[in-house]
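**Student:** below is the sequence, then the predicted model.
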Amino acid sequence: FSAMSKNGHTNAAFVSDRADKLELAEKGQKNKALVSKDPDYNPYHHRDVEHPTTNSETLFHLLKGSLGTGILAMPNAFRNSGYITGSIGTIVIGFICTYCIHQLVKAQFELCRRKKIPSMNYPAVAETALGEGPKCLSWLAPYIGTVVNTFLLIYQLGTCCVYVVFVASNIKAIVDAVGNTNIDVRLCMIVILLPLILVNWVRNLKYLAPFSTLANAITMVSFGIICYYIFREPVSTEGKDAFGEPGNFPLFFGTVLFALEAIGVILPLENEMKTPQKFGGSCGVLNVSMVLIVFLYVGMGLFGYLNYGSTVLGSITLNMPEHEILSMCVKGMLAFAIYITHGLACYVAIDITWNDYVAKRLSPQRNALFWEYAVRTGLVLVTFLLAVAIPNLELFISLFGALCLSALGLAFPALIQICTHWYQTKGLSKVWLVLSNFVLIIVGILGLVIGTYTSLKEIVLTFSE
């Protein structure tokens, strides 16, 4: 919740002062990277952070960024994969995601050292890397930042759509249980629309901070109660699939990516650390957090699926007993927690849309405050209308995981790694650089195409019935 930077941003993920255009005019020179290198410049020593975070605070933020609606969808992911495939697959995807995040952070450090600037955001890293890469890719440099921003924007709006469906579905479950009715989930969405607009009219995140802290506490308590419901009866593999159908694996892949990846907050968190060199490393903040996250996700997915089997829904909360008071309390508490989180998630989308695109195109005479509130309201309405059109939690999660995070979490970091070290590696090192990252790019593209296609096909099938 630091003060605004000079270009109007408050979220460090998207703070990018492009006044110098990152010297991309030099992109046609083959040895420009060598010219700008300075082995004595250390970006970590030049970061002026107003309120630097400790290692434990950064670890907590990483856990908080990855433990949301995604973990509650993991039992449904295991339904698509089977419990053995799901357990192994989650660990493998977690390892690949962690590796790609390491590559992104290392590339940022190297590019900052060459450019002699303290830090960069994700779009700026991509822009600079392609400018430093082979000539066949350098022409993409001026455009890649916009492409990354677009994927980030779609992902954040998609996350907000998931939140709308989640909140409405849990409210519906409570109302149905209390009133012994079966109301349309879209009515619940209409009821929460005005509160969603109002929470997104908050222009300064510091006013949401106390609610965010409360939401985190509520989430932790709710997870504990969910575990009670999972383990209060003995879990069994009887009647559960060890290996799912191959055709459903893309749905599993998209859900796990959506759940695991917090790629939008990685560089901002690393940039705000008191000791950023402790972020990487074998026992660094990133590895510790990802081991914990993967462990929690495998546990929730495995035991949630073994408990509820093929009847498991898009959020495990919807499988809990309908008429028990404790169960209804969990649904209500998580609905409130995710409602507050919607304001934080949509803030990033608002930040990109307003500061990077709309505000720059307004003339000084225009009423900027009015148009900012119009943008805020418009983005909430977009997420609301998408949720109303497709009120299916599990398909939404899988769709946006495959569509956005295959690119942001796998393909782009691999491409950035190749371009960053293109002129600094030779021989077998260069062969390994290209081959290993090319495999990741292919996996990312296949995940994007097949995962998105499978999710869209399921959406069409679901609503044509």
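**Tutor:** Looks like it came in fine.
**Student:** can you give me the pLDDT of Leu260?
**Tutor:** Looking at Leu260, its pLDDT reads 81.
**Student:** surely it and Cys97 touch.
**Tutor:** Yes. In this structure, Leu260 is within contact of Cys97 by CB atoms under 8 Å, at 5.4 Å. C-beta here means a position set from N, CA and C on the backbone, and glycine is covered the same way.
**Student:** so where's the chain shaky on pLDDT?
**Tutor:** 1-39, 205, 365-366, 465 (pLDDT under 70).
**Student:** middle-most residue in it, spatially?
**Tutor:** Nearest residue to the geometric centre of the chain (CA atoms, centre = their mean): Ala262, 3.9 Å.
**Student:** OK, contacts around that one?
**Tutor:** Ala262 is in contact with Leu62, Gly65, Ser66, counting by CB atoms under 8 Å, 6 or more residues apart in numbering.
**Student:** quick check: buried residues in stretch 82-92?
**Tutor:** Neighbour counts using 16 or more other CB atoms under 10 Å place Gly82, Tyr83, Ile84, Thr85, Gly86, Ser87, Gly89, Thr90 of stretch 82-92 among the buried residues.
**Student:** which one of those is nearest to Ser429?
**Tutor:** Gly89 (30.5 Å; CB to CB).
**Student:** from the contact counts, what lies against the helix or strand hosting that closest one?
**Tutor:** Secondary structure assignment for Gly89, by DSSP states H and E: helix 83-115. The contact analysis (3 or more CB pairs under 8 Å, 6 or more residues apart in numbering; DSSP states H and E) places helix 83-115 against helix 32-36, helix 74-81, helix 122-132, helix 249-260, helix 263-271, helix 285-308, helix 412-420, helix 427-464.
**Student:** so which of these is nearest Asp48?
**Tutor:** When the helices and strands packed on helix 83-115 are compared by CB to CB, helix 263-271 sits nearest Asp48, at 11.0 Å.
**Student:** and that closest one, how far out from the chain middle?
**Tutor:** The chain centroid and the centroid of helix 263-271 are separated by 11 Å, computed with CA atoms, centre = their mean, to the nearest Å.
**Student:** for stretch 53-66, same thing?
**Tutor:** So, by CA atoms, centre = their mean, the centroid of stretch 53-66 is 15 Å from its chain's centroid.
**Student:** can you check stretch 172-188 too?
**Tutor:** A distance of 30 Å separates the centroid of the chain from that of stretch 172-188, by CA atoms, centre = their mean.
**Student:** restricting to C-alpha, output that stretch in CSV.
**Tutor:** Only the C-alpha atoms of stretch 172-188 are listed here, as CSV (Å, rounded to 0.1, in the frame of the first residue of the first chain):
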residue,chain,number,x,y,z
LYS,A,172,-27.3,-19.6,-3.0
ALA,A,173,-26.4,-22.7,-1.0
ILE,A,174,-27.1,-20.9,2.3
VAL,A,175,-30.5,-19.4,1.0
ASP,A,176,-31.6,-22.8,-0.4
ALA,A,177,-30.8,-24.5,2.9
VAL,A,178,-32.5,-21.9,5.1
GLY,A,179,-35.6,-21.3,2.9
ASN,A,180,-35.8,-24.9,1.5
THR,A,181,-35.9,-23.4,-2.0
ASN,A,182,-33.8,-23.7,-5.2
ILE,A,183,-33.2,-20.2,-6.4
ASP,A,184,-31.3,-19.4,-9.6
VAL,A,185,-27.7,-18.5,-8.8
ARG,A,186,-28.0,-15.6,-11.2
LEU,A,187,-30.4,-13.9,-8.8
CYS,A,188,-27.7,-14.0,-6.1
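**Student:** what residues sit buried inside it?
**Tutor:** For stretch 172-188, by 16+ other CB under 10 Å, it's Lys172, Ala173, Ile174, Val175, Ala177, Val185, Cys188.
**Student:** in terms of helices and strands, where is the fourth one?
**Tutor:** Same thing as Val175. Val175 is part of helix 141-179 when elements are defined by DSSP H and E.
**Student:** next, the buried residues of that helix.
**Tutor:** Neighbour counts over helix 141-179 (16+ other CB under 10 Å) mark 141, 144-145, 148-149, 151-175, 177 as buried.
**Student:** packing partners for that helix?
**Tutor:** Identification of packing neighbours for helix 141-179 by 3+ CB pairs under 8 Å, 6+ apart yields helix 69-72, helix 122-132, helix 185-199, helix 263-271, helix 325-351, helix 368-389, helix 393-400.
**Student:** apart from its chain neighbours, what residue comes closest to Val49?
**Tutor:** Leaving out its chain neighbours, the residue that sits closest to Val49 by CB to CB, 6 or more residues apart in numbering is Glu272, at 5.5 Å.
**Student:** hang on, the one you found packs against Pro52?
**Tutor:** Yes. Judged on CB under 8 Å, Glu272 makes contact with Pro52 at a distance of 6.3 Å.
**Student:** surely Thr237 is in contact with Tyr305?
**Tutor:** No. Applying CB under 8 Å as the test, Thr237 and Tyr305 come out as separate, 9.8 Å apart.
**Student:** okay then, goodbye and thanks.
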